[in-house]
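J.: A structural model of the following input is requested.
(one chain, ligands or ions: 1)
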Amino acid sequence: MTAETILVVNAGSSSIKFQLFEVGARDQLKRRFKGQIEGIGAHPHLIAKNPEGELLVDETWPGAEVNTVPAALDKVIGFLRPQIGGKLPAVVGHRVVHGGPDYSAPTVVSELVVDRLSRFVPLAPLHQPNNLAPIKAILQRQPQVLQVACFDTAFHRGHPEVADRFAIPDAFYAEGVRRYGFHGLSYEYIARQLREVAPEIAGGRVVIAHLGSGASMCALSSGRSVESTMGFTALDGLPMGTRPGQLDAGVVLYLMSEKGMSAKEIERLLYNDCGLKGLSGISNDVRELQASDDPRAKLALDYFTYRIALFTGMLAAAMGGIDGFVFTAGIGENAPAIREAVAQRLTWLGLELSSKANAKGELKISRKRSLVACYVIPTDEELMIAEHALDALRSHAAGAEEKRA
Ligand code: ADP
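T.: Numbering: from 1, shown residues only. Here you go, the predicted model:
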C-alpha cells in the first residue's frame, strides 16, 4: 500500500486499542482495520480485524516478553509495517483523557507538551499515565513520526465559568480543580453528524446522552458544549457500569471516618464496584440486567433511566430549553428498551417517541409532531481522532512549506 495512513491509539492500563485509516482522494478517510493488544505483562494477545470482520492477526506471547506499553507498541508496529508497505504511519493520533485547563484543541506532541500533560496525571491517575506511555515510546524510538494528542476534555473547554466551578475556595480552581467534562471526542463527532443528519436541530439546544460502560451527557447549544454531567473526574454525573455517578461528598467522608477506608480502597470501590454492578449485585452489563428477573436488576435499570431524565432537566435548564435529544454509544445505540424508558420520562418536555422507529433502531425515533426531535446516532471517536490527526498533518506540512518559501 502506498497511500498515507493514520494510526489511532487508545492506550489503557493493560491494553492498547488501535485503528488504521487510509487517506484517500480529497483526504477521505477509509478504515483499514482495528485491533488491540491486551493482557500486557500477563497474557499478551494481539488481534486485528478488517472492516469485514476477518481476522488479520491473532498472536500471543509469554507475559515477560511483552510486559510494558513500549514492548506492546513494538508488537503492534511489527504487525502494522508489512500491512502498509514497510512504512510507518504518516501521523499517529492518540486519545488522551485530560488536557487540563490548558489544552482546548488537538495538539502536536513534543517533549515539552508531554511534560505539561504529565502535570495532569493527578487529575486522572488511572488514565493519563497510560495514555502518555505510547506517546513517550514513539517520541523516543520514532521521533520523526508526527504525533497528535486529542483530549476528552477539549470540547468542553468553552464552558461558561459558572459551569466550570465547584463552590470551593478559589485556590483549588486555580490549581485545576474544575468541572472539565469528558467524552468530548464523542460529542464533537455527534455535533458534526447532526449538521448532516438533523440540520433542523444542529444549531439549536440538544442534549446528547453518551451511554456506554462509561456514561455522561452534554448540553450542546448552537453546536457547542455548554454543560456536562461529568466534572473533575469521570466519576461524576450518571450512574455507569461500575461507577456510581453523582455522589454526596459526605459519603466519601463516611467511608473514611466510619469505615476506615484508605484513598486507594475508596478509589477501587468507586471505579470498580458501584453503578449498575453495585446496585444490582448482578452485572455491570445492561444486557444481563435486562435478561434477569431479579428485582435488583430492575431497580438498577430504573435508577439509570431515572437519572438520565433528571440530568436532562438540568441540561435543558442550562440551555433555556431543549429542541433535540440524541442517544449514542453501546447502550444508547443498542438498547431500545432503555431509550423507551428514558423517553417516557421526558414526555413532560414534549418528547414523543415513535415506538416502531425506536424498536427498529432508526435514525430518527421521535414522532413527527414531537416538540423534541429524538435521534440515535452511532458515535465514532476514532474517526474524530483520525480527522484531527490529518488536519494537524496538513497544517504541519503547510507550515514547513511556508518556512522553506
Ligand atoms: P465503552 O466504549 O465505554 O467500553 P461501549 O460504548 O462499547 O462502552 O458500551 C458498552 C456497553 O454497552 C456494555 O457494557 C453493555 O451494557 C451495552 N450494550 C452493548 N450492546 C447492547 C445491547 N444490545 N443491549 C443493551 N446494552 C448493550
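J.: What segments of the stretch 51-200 of the chain are helices?
T.: 69-83, 111-118, 128-141, 161-164, 170-174, 184-197, 199-202 (DSSP state H, counting those that start in this stretch).
J.: who does the second one touch, helix- and strand-wise?
T.: It stands for helix 111-118. helix 128-141 (3 or more CB pairs under 8 Å, 6 or more residues apart in numbering; DSSP states H and E). All C-beta atoms are positioned from the backbone trio N, CA, C, and that covers glycine.
J.: if we can go back for a sec, could you export the helices of the stretch 51-200 of the chain as JSON lines, including mean neighbour count and mean pLDDT?
T.: Converted to JSON lines, these look like this (neighbours: other CB atoms under 10 Å; pLDDT from 0 to 100):
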{"stretch": "helix 69-83", "mean neighbour count": "18", "mean pLDDT": "92"}
{"stretch": "helix 111-118", "mean neighbour count": "14", "mean pLDDT": "96"}
{"stretch": "helix 128-141", "mean neighbour count": "19", "mean pLDDT": "94"}
{"stretch": "helix 161-164", "mean neighbour count": "13", "mean pLDDT": "96"}
{"stretch": "helix 170-174", "mean neighbour count": "11", "mean pLDDT": "95"}
{"stretch": "helix 184-197", "mean neighbour count": "21", "mean pLDDT": "98"}
{"stretch": "helix 199-202", "mean neighbour count": "15", "mean pLDDT": "97"}
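J.: quick one, which of those is nearest to the ligand?
T.: helix 184-197 (8.8 Å; CB to the nearest ligand atom).
J.: From the contact counts, what lies against the closest one?
T.: strand 146-151, helix 199-202, strand 205-211, strand 215-221, strand 224-228, strand 324-328, helix 381-404.
J.: now the ones you listed in CSV, with distance to the ligand?
T.: Shown next, in CSV, are these (distance: least, CB to the nearest ligand atom, whole Å):
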stretch, distance to the ligand
strand 146-151, 16
helix 199-202, 23
strand 205-211, 7
strand 215-221, 8
strand 224-228, 16
strand 324-328, 8
helix 381-404, 8
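J.: Export only the CA atoms of stretch 294-309, formatted as PDB.
T.: The C-alpha coordinates for stretch 294-309 follow below in PDB (Å, rounded to 0.1, in the frame of the first residue of the first chain):
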ATOM      1  CA  ASP A 294     -34.200 -10.300  39.800                       C
ATOM      2  CA  PRO A 295     -35.900  -7.100  41.200                       C
ATOM      3  CA  ARG A 296     -32.400  -5.600  41.900                       C
ATOM      4  CA  ALA A 297     -31.700  -5.800  38.200                       C
ATOM      5  CA  LYS A 298     -34.900  -3.900  37.500                       C
ATOM      6  CA  LEU A 299     -34.000  -1.300  40.200                       C
ATOM      7  CA  ALA A 300     -30.600  -0.700  38.700                       C
ATOM      8  CA  LEU A 301     -32.100  -0.100  35.200                       C
ATOM      9  CA  ASP A 302     -34.800   2.200  36.700                       C
ATOM     10  CA  TYR A 303     -32.200   4.100  38.600                       C
ATOM     11  CA  PHE A 304     -30.200   4.500  35.300                       C
ATOM     12  CA  THR A 305     -33.100   5.900  33.200                       C
ATOM     13  CA  TYR A 306     -34.400   8.000  36.200                       C
ATOM     14  CA  ARG A 307     -31.000   9.700  36.500                       C
ATOM     15  CA  ILE A 308     -30.800  10.300  32.700                       C
ATOM     16  CA  ALA A 309     -34.100  12.000  32.900                       C
END
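J.: Give me the local confidence score for Ile84.
T.: Looking at Ile84, its pLDDT reads 89.
J.: what about it, neighbour count?
T.: Applying other CB atoms under 10 Å, we find 19 residues neighbouring Ile84.
J.: quick one: it from Glu387, how far?
T.: Applying CB to CB, to the nearest Å, the value for Ile84 to Glu387 is 19 Å.
J.: Equivalent analysis for Asp294, please.
T.: Taking CB to CB, one finds Asp294 at 44 Å from Glu387.
J.: Looking at the two, which has the bigger crowd around it?
T.: Comparing Asp294 with Glu387 by other CB under 10 Å, the one with more neighbours is Glu387, at 21 against 12.
J.: Would you confirm that that one contacts Leu29?
T.: Yes - using CB atoms under 8 Å, Glu387 makes contact with Leu29 at a distance of 6.7 Å.
J.: returning to that earlier point: can you tell me which of the helices and strands packed on helix 184-197 the model trusts least?
T.: helix 381-404 (a mean of 90).
J.: Can you pull out the residues in contact with that helix?
T.: 4, 6, 8, 10, 19, 21, 23, 27, 29, 31, 34, 90-95, 106, 108, 146, 148, 150, 185-186, 188-189 (CB atoms under 8 Å, 6 or more residues apart in numbering).
J.: Just the buried ones among those residues, please.
T.: With neighbours counted by 16 or more other CB atoms under 10 Å, the contacts of helix 381-404 contain buried members at 4, 6, 8, 10, 19, 21, 23, 29, 31, 34, 90-95, 106, 108, 146, 148, 150, 185-186, 188-189.
J.: quick one, phi psi at the residue nearest the centre of the chain?
T.: Central residue of the chain (CA atoms, centre = their mean): His183, 3.7 Å from the mean position. Torsion angles at His183 (phi, psi; degrees, to the nearest 10) stand at phi 60, psi 30.
J.: in the sheet, who's paired with the nearest residue to it once chain neighbours are set aside?
T.: Nearest in space to His183, with sequence neighbours left out and distances taken as CB to CB, 6 or more residues apart in numbering, is His210 at 4.6 Å. Applying DSSP bridges to His210 gives these bridge partners: Ser216, Thr328.
J.: measure His210 to Leu238 for me?
T.: His210 is 9 Å from Leu238, by CB to CB.
J.: what do those two both touch?
T.: 216-217.
J.: Now for Gly281, how many residues are close by?
T.: So Gly281, with other CB under 10 Å, has 10 neighbours.
J.: Now do it, the pLDDT please.
T.: pLDDT at Gly281 comes out at 98.
J.: Ala234 - that's part of a helix, no?
T.: No - the assignment for Ala234 (DSSP: H, G, I helix; E, B strand; the rest coil) gives coil, which keeps it out of a helix.
J.: is it true that it touches Gly214?
T.: Yes - counting by CB under 8 Å, Gly214 is a contact partner of Ala234 at 5.9 Å.
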